[in-house]
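J.: A structural model of the following input is requested.
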Amino acid sequence: MLKSVEMGQVKILPGLFRERMNLNINYLKELDLRCLLQNYYLEAGEIMDGIQVIEDPSKARLHWGWEAPTCQLRGHFLGHWLSASAFIVANEEDKELEYKINHVISELSRLQKLSRTGWVGPIPEKYFDILMTDRYIWSPQYTMHKLIMGLTEVYILLNNETAKEILSGFADWYLDWTKRAKEYSEANGTHNATYAGEQAGMLEVWAKLYDATKDDRYKELVRRYEDNSFFEVLDHAGDPLTDNHANASIPLVHSAAEMYEITGDKKWLDRVEAFWKIAVTDRGMYATGSSNTGEFWIPMKKHSDYISKTDQEFCTMYNMVRVANWLFGKTGDVKYQEFIEKALYNGFLAQQSRVSGMTTYFLPLVAGSKKKWSTKTRDFWCCQGTMIQAQTIYSSLIYNVDEEKNELIISQFIPSEAELMIGGKKVNVMQNTGMKNYSNQAFFDERGEGEVSRWALNFTVNKEKDLSMTVAIRVPEWSKGTPVLAIGGKNVPADKTSEMIKNGYIIIPVDEDEICIGLYFETEVETEALPDDEKLVALKNGPVVLAGITDKDMTLHGENVSSILRRRMTHTYSTWPWEQDHYVTKNQEQNIEFVPLYEIEDEAYTVYFTMKK
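T.: Next up is the predicted model:
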């Protein structure tokens, strides 16, 4: 079992990922706190200055879209904002965001005190009574889960006692409601509303709160939410996913993971691993790492039938990365890190605008697609909420520690610096590329004969004296040939079959107090076919999926990828800001450009192409 890094131990350094993080942090700070709280004020009967009567809605100081006072999902975004902001404050000690969090928590506490029932929410309590009936209501438990999740993160990460008090009030409210829901179900022979309204994440937050407080009220709420038929299907090796709502199922897996943490019962770990097998291993995926369309799981290896404008909902990408990261910590299996890397480039980056920082709900994969970006105050889709969280978790995905082996494990290649404790002693590690232009993480590589590579990596490890330790660095499955390894400036043989490489990692003993490691992975553009159609292929370089700038499937003709692509290079009089992964086809009836999918902004693009020899 591997140990994750603690909050504040890892700083993301300048580079592509830091730029995307900064876009997100600026957005978190830009949002109006009164607008974030607007539905909580309205539900509590508070009057907001200037909008008792709205004569011109276009000028009203309100959030719209899913946050509009007319939407049944209103108020969910504040929970996402609290979680994302708490992560930033815990990792970076951002005083401005800390002040904003404290203001929001103070207001929620005040509004809760105005209630006679302990309720503080953006929706009416009666929405939960509607769940007991056959009337349609849009996911009230989902909405409240986001708030409770955000409060939980603020309490645990920032030790905020006011957030803890608000959660205590919710514990009493939910104990009363779940009791009434079960009694109504038994008396009327209907479904138990406890398991309605997209409740999947509720079990996770109650389990997390019990773990943090040891309060028996949360333990009882765990008991009331844990009996879900989804788990029963997993226990019998069934498929609870096909044609079912993707993002309503993954939070149940997060819940199973948290249940394993508090109980140690292996059945919960088995359920998480069974889910991964059904969702990823057996089902297959698009080259980008997803396997859903229109928010639903695609049937196993039927991906060609479902290429559309509504592929890859971002919520599922974010939540699948959370599952993969947890499973890696429990198993050490490198396959989970390979998935995370694919999802980072082709989900976290590809579905966030590099200009505005906004998100696209889906990532269309049909030929001639265009990304539809959210606005800052007029949409607030669920995926807009998970995106602001996604851009805060990079620091938790890079490093792990094996305490039994005194081993530092480096799995993701993101410029960063970490201050860790290993074997009771301090260890500092800095990871970077030999870049001259940090925006592209690019540098001039003499081995590449003028080409550039983001996969030439530098690591510097400093440790206290008398600490015996090793460093394990992931060897990506996409790397070609033999990794080029240099320790202290001297080349060291590191063939993939050598004893240095075990379970997908190069193992390097750290004997000196300081050690400098250079590592270069060679890549080449290759194709990845659909699981059910070998003639439809995506092009990728390493984990980075490439998009053709075209509004249709321009059939590619050639014996192999090298026969149809030419690298597109740029050189200026400044440093050497070579473009990464830019290509143009050759020997085609009509030649087109290929760029990383994460660079696509407003252009029409195509990911899957017919390829003929």
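
J.: what sits against the residue positioned nearest the centre of the chain?
T.: The residue lying closest to the centre of the chain (CA atoms, centre = their mean) is Y318, at 2.8 Å. Shown in contact with Y318 (CB atoms under 8 Å, 6 or more residues apart in numbering): 347-348, 386-387, 389-390. For glycine as for every other residue, the C-beta is placed from the backbone atoms N, C-alpha and C.

J.: Give the buried residues for the helix or strand harbouring it.
T.: Using DSSP states H and E, Y318 maps to helix 314-331. For helix 314-331, a neighbour-count test (16 or more other CB atoms under 10 Å) marks 314-331 as buried.

J.: What is the neighbour count of the closest residue to Y608 other than its chain neighbours?
T.: Among residues not flanking Y608 along the chain, L536 sits closest, at 4.7 Å (CB to CB, 6 or more residues apart in numbering). Residues within reach of L536, counting by other CB atoms under 10 Å, total 19.

J.: element containing L536?
T.: For L536, the host element (DSSP H and E) is strand 533-541.

J.: Alpha carbons of that strand, as CSV, please.
T.: Below are the C-alpha coordinates for strand 533-541, written out as CSV (Å, rounded to 0.1, in the frame of the first residue of the first chain):
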residue,chain,number,x,y,z
ASP,A,533,-13.3,-1.2,-36.0
GLU,A,534,-9.6,-1.5,-36.9
LYS,A,535,-10.1,0.7,-40.0
LEU,A,536,-11.0,3.8,-37.9
VAL,A,537,-7.9,5.1,-36.2
ALA,A,538,-6.8,8.1,-34.1
LEU,A,539,-3.2,9.4,-34.3
LYS,A,540,-1.3,10.0,-31.1
ASN,A,541,2.2,10.8,-30.0
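
J.: hang on, the earlier thing: which two from the contacts of Y318 end up farthest apart in space?
T.: The two members of the contacts of Y318 with the most space between them (CB to CB) are G347 and Q389, at 13.0 Å.

J.: any idea how far A207 is from the residue nearest to W276 when sequence neighbours are not counted?
T.: Excluding the flanking residues, the one nearest W276 by CB to CB, 6+ apart is L327, at 6.3 Å. For L327, the distance to A207 equals 17 Å [CB to CB, to the nearest Å].

J.: how's the chain carved up into domains?
T.: As assigned by automatic domain parsing, the chain contains the domains 237-364, 399-522, 525-612.

J.: how close does the nearest residue to K301 once chain neighbours are set aside get to E341?
T.: Spatial nearest neighbour of K301, chain neighbours left out: P531 (4.2 Å); criterion: CB to CB, 6+ apart. Distance, P531 to E341, by CB to CB: 19 Å.

J.: Among the contacts of Y318, which ones are in strands?
T.: Among these, no member falls in strands (DSSP state E).

J.: from these, which ones fall inside helices?
T.: Per DSSP state H, helices hold the following members of the contacts of Y318: 386-387, 389-390.

J.: just the buried members of these?
T.: Buried among these (16+ other CB under 10 Å): 386-387, 389-390.

J.: and S185, what element?
T.: helix 161-188.

J.: what pLDDT, on average, does the helix or strand just after that helix get?
T.: Next helix or strand after helix 161-188 toward the C-terminus (DSSP H and E): helix 202-213. On average, the pLDDT along helix 202-213 is 98.

J.: where does W578 land on pLDDT?
T.: At W578, pLDDT is 42.

J.: which intervals of the chain have sub-threshold pLDDT?
T.: 434-452, 496-498, 570-579 (pLDDT under 70).

J.: if we go to 50?
T.: 435-451, 572-578 (pLDDT under 50).

J.: mind listing the strands for the stretch 301-450 of the chain?
T.: Assigned by DSSP state E, counting those that start in this stretch, the strands in the stretch 301-450 of the chain fall at 399-402, 407-410, 416-422, 425-433.

J.: for the longest one, which positions count as buried?
T.: By neighbour count, with 16+ other CB under 10 Å as the criterion, the buried positions of strand 425-433 are 427, 429-433.

J.: What of the third one?
T.: Neighbour-count burial for strand 416-422 flags 416, 418, 420, 422 (criterion: 16+ other CB under 10 Å).

J.: Which elements pack onto that strand?
T.: With contacts defined as 3 or more CB pairs under 8 Å, 6 or more residues apart in numbering; DSSP states H and E, the packing partners of strand 416-422 are strand 10-12, strand 399-402, strand 407-410, strand 425-433.

J.: Between strand 425-433 and that strand, find me the angle.
T.: Strand 416-422 runs at 160 degrees relative to strand 425-433, counting by axes from the mean of the first three to the mean of the last three CA atoms, to 10 degrees.

J.: Helix, strand, or coil at the closest residue in space to P140 that isn't next to it in sequence?
T.: Among residues not flanking P140 along the chain, Y127 sits closest, at 4.0 Å (CB to CB, 6+ apart). Following DSSP: H, G, I helix; E, B strand; the rest coil, the label given to Y127 is helix.

J.: From Q112, how far out is Y127?
T.: 17 Å.

J.: and these two? which has more neighbours close in?
T.: Q112 (22 against 18).

J.: Export the regular element (helix or strand) spanning the more buried one to PDB, keeping only CA atoms.
T.: Element membership of Q112, judged by DSSP H and E, is helix 95-114. What follows is helix 95-114 as a C-alpha-only set of coordinates in PDB (Å, rounded to 0.1, in the frame of the first residue of the first chain):
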ATOM      1  CA  LYS A  95      -5.000  34.200   1.400                       C
ATOM      2  CA  GLU A  96      -7.500  35.700  -1.000                       C
ATOM      3  CA  LEU A  97      -9.300  32.500  -1.600                       C
ATOM      4  CA  GLU A  98      -9.100  31.700   2.100                       C
ATOM      5  CA  TYR A  99     -10.900  34.900   2.900                       C
ATOM      6  CA  LYS A 100     -13.600  34.200   0.400                       C
ATOM      7  CA  ILE A 101     -14.100  30.700   1.700                       C
ATOM      8  CA  ASN A 102     -14.500  32.000   5.300                       C
ATOM      9  CA  HIS A 103     -17.100  34.500   4.100                       C
ATOM     10  CA  VAL A 104     -19.100  31.900   2.300                       C
ATOM     11  CA  ILE A 105     -19.000  29.500   5.300                       C
ATOM     12  CA  SER A 106     -20.000  32.300   7.700                       C
ATOM     13  CA  GLU A 107     -23.000  33.200   5.500                       C
ATOM     14  CA  LEU A 108     -24.100  29.500   5.300                       C
ATOM     15  CA  SER A 109     -23.900  29.200   9.100                       C
ATOM     16  CA  ARG A 110     -26.000  32.400   9.500                       C
ATOM     17  CA  LEU A 111     -28.600  31.100   7.100                       C
ATOM     18  CA  GLN A 112     -28.700  27.700   8.800                       C
ATOM     19  CA  LYS A 113     -29.400  29.400  12.100                       C
ATOM     20  CA  LEU A 114     -32.500  31.100  10.500                       C
END
